[in-house]
Each structure stands twice: as structure tokens, then as C-alpha cells.
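K.L.:
prediction below, plus the sequence it came from.
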Amino acid sequence: MHKRYLLLEDGSIFKGQAFGAELNHRIGEVVFQTGMTGYQETLSDPSYCDQLIVMTYPLIGNYGINRDDFETVRPALSALIVKEVATHPSHFRSTMSLDEYLTQKEIPGLKGIDTRRLVKKIRQKGTMKGVLLDNLDEMDSFLETINETSLSNDQVKRVSAAKPYVVPGRGYRVVLVDYGMKHGMLRELTERGCHVTVVPYDVTAQEVLQLEPDGVMLSNGPGDPKDVQEGIDLVQGLMGYVPIFGICLGHQLVALAAGSDTEPLNFGHRGANHPVKVVDTGEAWMTSQNHGYTVSESSLLNTSLRVTYRAINDGTIEGLSHQEYPVFSVQFHPESAPGPHDANGLFDQFLAMMQQTKEGGVTLCQNELILNES
Ligand SMILES: NC(=O)CC[C@H](N)C(=O)O
């Protein structure tokens with residue numbers, strides 16, 4: 001076990017020890033995750049693409065890694081930073097340790113740093129870029145590189161499905177657009193009997209409508225939503241023609257497509273116990289969240305969107321509903337994985353919206369208009 005360091009763009013340095021894979025010097029955003037458990041799902045959530053994740057819970061890896069809890073096959077994060085790694089995991093489902101998993105997937109880890117001091121710094125200064133180093137002599141050259149490096153804007157392209165695929169079912173026909181989808185969304189739909197076609201991020205509205213879906217779901221995904229012009233165009237082409245449910249990045253794409261704006265949060269919401277207020281009932285739900293951007297409050301004026309959920313911690317927008325068309329979206333993760341299940345009923349709400357539309361209870365634009373354009 002050798003020394004390893006985290007260098008932040010403000011020049012601060014955190015000294016710890018290496019675990020996981022050899023170093024790859026990938027510069028990324030350093031973000032913190034407050035979940036006490038659920039590290040396997042977090043590691044395999046593609047929304048963390050290119051990010052260095054700091055876990056605030058001080059002991060990570062104690063129940064190992066199992067075969068069932070992956071949210072995708074290929075982890076997309078840059079690095080994992082923890083206070084202490086459990087070296088002897090104990091759980092009947094565990095098949096390997098966290099260290100073994102990260103080594104296998106070529107993800108470097110840093111342990112033994114004061115994660116509380118690091119998180120306090122991020123909370124004060126906002127999300128920062130950082131890089132892991134094994135040699136302090138490299139610090140000066142990397143400090144220059146970090147400050148000159150702008151983060152890539154093609155993450156969605158890198159983590160989206162390359163080709164469409166079908167998970168058959170006898171129920172509603174759903175097109176699920178994969179912007180870096182957590183498999184929990186697919187599971188929630190297939191458990192409800194849906195016939196799901198998962199499609200890549202650059203699918204067009206016409207291609208989607210040719211599949212004659214009862215509804216379209218827009219997945220979560222990494223990066224800045226404004227970098228995903230294909231998604232904004234898609235939602236603009238589909239709104240009013242088919243019921244839409246957007247989650248996280250999908251929610252931000254709905255907002256942008258409807259004419260509103262998004263902006264970066266200071267340090268984001270990442271954890272499994274983020275309370276949101278249900279605007280219509282006054283209830284509070286505990287939700288799983290992972291986002292660094294939010295829909296800008298003032299940009300909703302002059303759009304047809306209404307706020308349906310709000311974050312209780314900072315008041316930011318957590319859900320929207322379209323006032324004319326069957327379209328709704330949430331910033332949090334109703335599929336949880338990991339996290340509480342308070343919001344799980346939103347998948348049933350999506351099914352109800354598809355049912356109501358099928359029965360003619362919702363007026364749609366004429367699909368033929370778009371299909372005939374080809
Ligand atoms: N989980 C997500 O879909 C995140 C959406 C977006 N990348 C953000 O950070 O805000």
C-alpha cells in the first residue's frame with residue numbers, strides 16, 4: 001500500500017493511501033455522496049461519469065460487492081475517495097471486496113484522508129476539479145493542467161446504449177431513452193409488465209413515434225443537460241404527441257425543451273435522504289438524489305410548467321408538470337437504488353397517465369402530423 005494524494009484546483013492537497021486500481025490521472029469534478037449504504041449502486045450509476053466521488057460515511061465496503069446490486073455493468077466514475085475501506089466484508093451475497101472490484105474495473109481509490117475536511121471545503125467553495133496523484137513532485141505541473149482543463153461535454157454519448165434493445169412485456173409499450181440509465185428504471189417498468197424499448201440518446205422524435213409507444217421515459221445521465229441538444233430536440237418533438245416521464249437529467253431536458261433554463265448548483269445533491277415537499281399535498285418524501293444542476297426558478301415564467309416538488313433543504317425545484325400536455329418529471333430518483341421508496345408510486349402515476357391517454361382522457365396532437373413529415 002503506497003501513498004496517494006488528492007490535488008484540488010485551489011491547490012489544496014489531501015494525503016492518504018492508494019487502494020483499487022493503478023492511477024490514471026483522470027481530472028474530474030470532486031463531488032460528495034452522503035449515503036450511509038448503497039455504495040455499489042452509486043459506483044455503478046453512470047450519472048457519476050468523470051467524477052471523483054467522496055463518500056461522507058466513514059466506513060465503506062463492509063458488505064462487499066454482490067452480483068445483484070449493479071445499476072450498470074461499466075462504472076463510469078473517475079475515482080472513489082473514502083475515509084476507511086473495510087478489508088473483510090461480511091454479507092451472504094458478497095462475492096468480492098470493494099478493493100477487488102475497483103481493481104478489476106480499473107478505478108483508482110484514495111483512502112485515509114479527512115473526508116469531513118474535504119467535504120466542508122466543497123460546501124464552502126463549491127464543487128471543484130481534482131486529480132489523484134501518487135507522486136507529490138507532479139503537483140505543480142498538475143495544478144497548471146487542472147486549471148487549464150475544461151471538463152468534457154460528451155459524457156452522455158459515452159455512457160448511453162450504443163444500439164436499441166427490447167425487454168419484452170405484455171403491458172404498456174414504453175420507449176426508454178438511455179442517457180446513462182440506471183437499470184432500476186428499467187426494472188420498475190418491467191415489474192409493471194411494460195414492453196420496453198431502450199434507445200440511444202440521439203434517437204429522433206420520428207424514430208420514437210414509429211415504435212408507437214404508449215409512453216416515453218427519459219432517464220438520468222451525466223454532465224450538463226445543455227450539452228445534450230439531441231435530448232432537448234427529442235422532447236420538443238414528442239411533447240404533446242405521447243405521454244412523457246423524465247427523471248433527473250430527463251427532468252432537466254423536459255425543462256429546457258419547454259423553454260426554461262438550468263444552472264449548476266453550488267455543490268449538488270447526492271445522497272439517499274434528501275427530503276422533498278409534495279407541493280399539492282404538503283407531504284414530505286425522503287428521496288434518493290444525485291444531481292449537480294437544477295432548473296432555474298425564474299426561467300419558469302412564461303412556460304407551461306408548474307412546480308410539483310421542492311427540495312426542503314434549499315428550496316430548489318425537484319419536480320415539474322406540464323399544464324397542457326401529459327408530461328411530468330422529477331429531479332430526484334423514484335427508482336431509488338439506493339435509497340428510500342417514498343416516491344416509487346410515480347411509476348404507477350406514469351402507467352395511469354398512459355392508460356388515461358389511451359382511453360382518450362388526454363388530448364394529444366395528431367401523431368400523423370409528425371410521422372407524415374418524413
Ligand atoms: N442523475 C442525473 O441524471 C444527473 C443529471 C445531471 N447530470 C446533473 O448532475 O444535474
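P.N.:
That came through fine. Residues are numbered from 1 along each chain as shown.

K.L.:
quick check: residues of the stretch 151-300 of the chain near the ligand?
P.N.:
220, 221, 222, 223, 248, 249, 290, 291, 292, 293 (C-beta under 6 Å from any ligand atom). In short, each C-beta sits where N, CA and C put it, glycine included.

K.L.:
okay, and which of those map to helices?
P.N.:
residue 249 (DSSP state H).

K.L.:
make CSV out of the residues of the stretch 151-300 of the chain next to the ligand and add neighbour count and distance to residue 197.
P.N.:
Converted to CSV, those look like this (neighbours: other C-beta atoms under 10 Å; distance: C-beta to C-beta, whole Å):
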residue, neighbour count, distance to residue 197
220, 27, 18
221, 28, 18
222, 27, 22
223, 26, 24
248, 29, 20
249, 29, 19
290, 27, 25
291, 24, 26
292, 19, 29
293, 19, 27
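
K.L.:
what's the domain layout of this structure?
P.N.:
Split into domains by automatic domain parsing, the chain comes to 3-148, 155-372.

K.L.:
in the lengthiest helix in the chain, what counts as buried?
P.N.:
In the chain, with assignment by DSSP H, the single longest helix is helix 345-358. Residues of helix 345-358 classed as buried: 346, 347, 350, 351, 353, 354, 357 (neighbour count, 16 or more other C-beta atoms under 10 Å).

K.L.:
in JSON lines: these, plus distance to residue 27.
P.N.:
Below are these laid out as JSON lines (distance: C-beta to C-beta, whole Å):
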{"residue": "346", "distance to residue 27": "36"}
{"residue": "347", "distance to residue 27": "37"}
{"residue": "350", "distance to residue 27": "38"}
{"residue": "351", "distance to residue 27": "43"}
{"residue": "353", "distance to residue 27": "42"}
{"residue": "354", "distance to residue 27": "43"}
{"residue": "357", "distance to residue 27": "46"}
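
K.L.:
wait, which of those is closest to the ligand?
P.N.:
Of all the buried residues of helix 345-358, residue 346 has the smallest distance to the ligand: 15.0 Å, by C-beta to the nearest ligand atom.

K.L.:
need the contact list for that closest one.
P.N.:
By C-beta atoms under 8 Å, 6 or more residues apart in numbering, the contact set of residue 346 is 245, 330, 334.

K.L.:
of those residues, just say which sits nearest to the ligand.
P.N.:
Taking the contacts of residue 346 together and measuring to the ligand by C-beta to the nearest ligand atom, the closest member is residue 330, at 10.6 Å.

K.L.:
separation between the closest one and residue 206?
P.N.:
27 Å (C-beta to C-beta, to the nearest Å).

K.L.:
which of the two has more neighbours?
P.N.:
Higher neighbour count among residue 330 and residue 206: residue 330, with 25 against 14, using other C-beta atoms under 10 Å.

K.L.:
once you drop chain neighbours, what's closest to the more buried one?
P.N.:
residue 319 (4.4 Å; C-beta to C-beta, 6 or more residues apart in numbering).

K.L.:
that neighbour reaches residue 328, doesn't it?
P.N.:
Yes. Counting by C-beta atoms under 8 Å, residue 319 touches residue 328, with 7.2 Å between them.

K.L.:
what touches both of the two?
P.N.:
residue 308.

K.L.:
who's more crowded, the two?
P.N.:
residue 319 (26 against 23).

K.L.:
please tabulate the buried residues of helix 345-358 in TSV and include pLDDT and distance to residue 101 as additional columns.
P.N.:
As requested, the buried residues of helix 345-358 are exported to TSV (pLDDT from 0 to 100; distance: C-beta to C-beta, whole Å):
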residue	pLDDT	distance to residue 101
346	98	31
347	98	29
350	98	33
351	98	35
353	97	39
354	97	38
357	95	43
